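Colleague: here are the coordinates; sequence isn't available:
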């Protein structure tokens with residue numbers, strides 16, 4: 001993965017620190033040791049992709065689209081776990 005790609009993912013993952021009130025550019029920059037200019041560019045790329053939003057307080061947070069992706073993953077994981085448990089019970093009855 002490119003260094004920009006790694007940095008972009010680091011910026012994206014840093015938003016989990018405060019998913020409701022968001023995280024400021026400065027907090028991200030200070031926390032990751034990345035220049036504020038790079039953080040701003042990465043956040044703009046993430047906003048353009050629909051994964052991040054800028055909140056009214058000026059902070060950045062995950063978008064509804066990102067939360068929908070996470071919820072779909074959770075539901076599918078739950079469904080697959082239930083199917084695996086059912087299969088395991090069937091196998092153990094034999």
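Modeller: Ah, there it is. All values reported here derive from a predicted model rather than from experimental measurement. Numbering: from 1, shown residues only.
Colleague: When you work out contacts or count neighbours from here on, use the C-alpha atoms and nothing else.
Modeller: Will do.
Colleague: Please, where are all the helices along this structure?
Modeller: According to DSSP state H, the chain carries its helices in the segments 3-14, 25-32, 36-48, 64-93.
Colleague: Output the ones you listed as TSV; include the columns mean pLDDT.
Modeller: Output for those, formatted as TSV (pLDDT from 0 to 100):
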stretch	mean pLDDT
helix 3-14	94
helix 25-32	96
helix 36-48	97
helix 64-93	90
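Colleague: could I get these as CSV with distance to residue 56 and mean neighbour count?
Modeller: Putting the helices of the chain into CSV (distance: least, CA to CA, whole Å; neighbours: other CA atoms under 10 Å) gives the following:
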stretch, distance to residue 56, mean neighbour count
helix 3-14, 19, 15
helix 25-32, 14, 16
helix 36-48, 14, 16
helix 64-93, 15, 12
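Colleague: what would these look like in a markdown table with distance to residue 54?
Modeller: A markdown table is the format used below for the helices of the chain (distance: least, CA to CA, whole Å):
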| stretch | distance to residue 54 |
| --- | --- |
| helix 3-14 | 13 |
| helix 25-32 | 10 |
| helix 36-48 | 8 |
| helix 64-93 | 12 |
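Colleague: so which of the ones you listed comes closest to residue 58?
Modeller: Shortest separation from residue 58 across these is recorded for helix 25-32, at 8.8 Å, computed as CA to CA.
Colleague: What angle do helix 36-48 and the closest one make with each other?
Modeller: Using axes from the mean of the first three to the mean of the last three CA atoms, to 10 degrees, one finds that helix 25-32 and helix 36-48 are set 110 degrees apart in direction.
Colleague: Just give me how far helix 25-32 sits from the chain centre.
Modeller: Helix 25-32 has its C-alpha centroid displaced from the chain centroid by 16 Å (CA atoms, centre = their mean, to the nearest Å).
Colleague: Many thanks, I have nothing further to ask.
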